[in-house]
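Q: Structure here, sequence nowhere to be found:
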């Protein structure tokens, strides 16, 4: 069980830091409804995303990609990205270095 709180990041979207170290952080994002949005954004961290369950349409730079349970991909540092939930589920993101703004 994580010691970190569950934080709302938008309508029907929450995040919870699962573990962290200055060099690496694991964060779970839960999407409770179809149409929930992970807003477009970018950051200097390299991010890997694993789809634990559900289905999502991601914007990665100027490309779109649909992903489902078991899929994973890497978002390079500085790349604009975001998603729309097509089927409720959970994403597990890893960031290097950790996202201090999530603490």
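A: Everything's here; your move. Only a predicted model underlies this, so the values are computations on that prediction, with no experimental measurement involved.

Q: ok, the nearest residue to residue 42 once chain neighbours are set aside - contacts?
A: Leaving aside its sequence neighbours, residue 42 sits nearest to residue 80 (CB to CB, 6 or more residues apart in numbering; 4.6 Å). In this view, the C-beta of every residue, glycine as well, is placed from N, C-alpha and C. Residues in contact with residue 80 (CB atoms under 8 Å, 6 or more residues apart in numbering) are 40, 41, 42, 59, 61.

Q: Report pLDDT for residue 80.
A: Residue 80 carries a pLDDT value of 98.

Q: Okay, it and residue 63: tell me how far apart.
A: From residue 80 over to residue 63 the distance is 11 Å, taken as CB to CB, to the nearest Å.

Q: now swap in residue 11 and tell me
A: Counting by CB to CB, the separation of residue 11 from residue 63 is 25 Å.

Q: could I get the contacts of residue 80 as TSV with secondary structure?
A: Formatted as TSV, the contacts of residue 80 follow (DSSP: H, G, I helix; E, B strand; the rest coil):
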residue	secondary structure
40	strand
41	strand
42	coil
59	strand
61	coil
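
Q: Give the single residue among those residues positioned nearest to residue 18.
A: residue 41 (20.0 Å; CB to CB).

Q: Quick one, grab the pLDDT at that closest one.
A: 98.

Q: Please apply the same query to residue 3.
A: Reading off the model, residue 3 has pLDDT 87.

Q: swap in residue 10?
A: Reported pLDDT for residue 10: 95.

Q: ok, and what's touching stretch 23-39?
A: With CB under 8 Å, 6+ apart as the criterion, stretch 23-39 contacts 9-20, 52, 54, 56, 82-99, 102.

Q: Just give me how far it sits from the chain centre.
A: Averaging C-alpha positions (CA atoms, centre = their mean, to the nearest Å) puts stretch 23-39 4 Å from its chain's average.

Q: Equivalent analysis for stretch 5-16, please.
A: How far stretch 5-16 lies from its chain's middle: 11 Å, per CA atoms, centre = their mean.
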